[in-house]
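1. sequence and predicted model, in that order:
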Amino acid sequence: MISTSLRPGSFSERLGMSFVEGARDAGHDVEFASLKGKPLRFCTGCVRCQTTKRCMLNDSAPAIVEKIRLCDAVVWVTPVYYYSMSGQMKVLIDRSNPLYVSDYNLKDVYILATCADESPDAIDGVVKGVQGWVDCLPGTRIAGTLCATGLPVDKDIGDTGFLEEAYRMGKSL
Ligand SMILES: Cc1cc2nc3c(=O)[nH]c(=O)nc-3n(C[C@H](O)[C@H](O)[C@H](O)COP(=O)(O)O)c2cc1C
């Protein structure tokens with residue numbers, strides 16, 4: 001699981017943690033990574049990774065991308081920003097470009113998002129972006145999505161039922 005909100009008390013991170021709890025209760029081996037406090041540089045488009053299978057930039061991305069390469073399922077967790085994924089999540093997706101030419105185990109991709117909007121359609125832009133990534137990685141698919149709506153930062157996710165929904169989703173893996 002990669003949680004990409006940098007906000008202290010992040011709702012999407014709490015959503016992710018509930019999913020993790022469910023997945024662990026179902027017996028899965030789960031690793032949780034947050035981008036909080038991690039150095040993460042933009043992809044420069046040098047495409048050297050397409051011959052070397054590794055990124056030249058020395059920051060937190062290569063280790064996370066290596067974990068994505070080896071895992072069976074990845075869960076992207078993001079707040080909805082301008083009806084898309086968070087910028088930092090997009091940067092990490094760009095930095096995963098070595099996967100394009102690598103062998104990987106990854107099969108199932110899940111997306112968990114939170115947003116202020118009351119409509120679950122608010123996740124559509126996130127899903128579209130992730131679908132573009134999945135389409136470039138043969139054998140992978142978006143296996144599930146969850147959009148926790150009605151969560152501007154002055155609300156509380158605690159009593160919305162979304163944490164329980166995320167737990168059930170994780171437990172059903
Ligand atoms: C820069 C920015 C852009 C946002 N854009 C949207 C948006 O397009 N649609 C929406 O419903 N909420 C939007 N929000 C609200 C957040 O998605 C929402 O409060 C979310 O629950 C925050 O998640 P977090 O606590 O994990 O960071 C935006 C918030 C920020 C800071």
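-> All right, it came through fine.

2. which strands or helices does the lengthiest helix in the chain pack on?
-> Of all segments of type helix in the chain, defined using DSSP state H, the longest is helix 11-25. Helices and strands touching helix 11-25, as assessed by 3 or more Cβ pairs under 8 Å, 6 or more residues apart in numbering; DSSP states H and E, comprise strand 2-3, strand 73-79, strand 108-114, strand 141-148, helix 162-171. For every residue, glycine as well, the C-beta is placed using N, CA and C.

3. okay, the angle between the second one and strand 141-148?
-> Pointing back at strand 73-79 there. Angle, strand 73-79 to strand 141-148, by axes from the mean of the first three to the mean of the last three Cα atoms, to 10 degrees: 30 degrees.

4. so after strand 73-79, what's the next helix or strand?
-> On the C-terminal side of strand 73-79, the closest following helix or strand by DSSP states H and E is helix 87-95.

5. excluding sequence neighbours, find me the nearest residue to V109.
-> With sequence-adjacent residues excluded and distances taken as Cβ to Cβ, 6 or more residues apart in numbering, V109 is closest to I142, at 5.1 Å.

6. distance of the spatially most central residue of the chain from F11?
-> Centroid check for the chain by Cα atoms, centre = their mean gives W76 as the closest residue, at 1.3 Å. From W76 across to F11, the span is 15 Å (Cβ to Cβ, to the nearest Å).

7. which of the helices or strands spans P62?
-> helix 61-70.

8. make that P138, sorry
-> Under DSSP H and E, no helix or strand contains P138.

9. what about it, neighbour count?
-> Look at P138: counted by other Cβ atoms under 10 Å, it has 7 neighbours.

10. can you check T145 too?
-> So T145, with other Cβ under 10 Å, has 18 neighbours.

11. who's in contact with G87?
-> By Cβ atoms under 8 Å, 6 or more residues apart in numbering, the contact set of G87 is Y81.

12. make it 10 Å
-> T4, L6, F42, T78, Y81 (Cβ atoms under 10 Å, 6 or more residues apart in numbering).

13. buried subset of these as a PyMOL selection?
-> With 16 or more other Cβ atoms under 10 Å as the burial test, the buried ones among those are selected in PyMOL as follows:
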select buried, resi 4+6+78+81
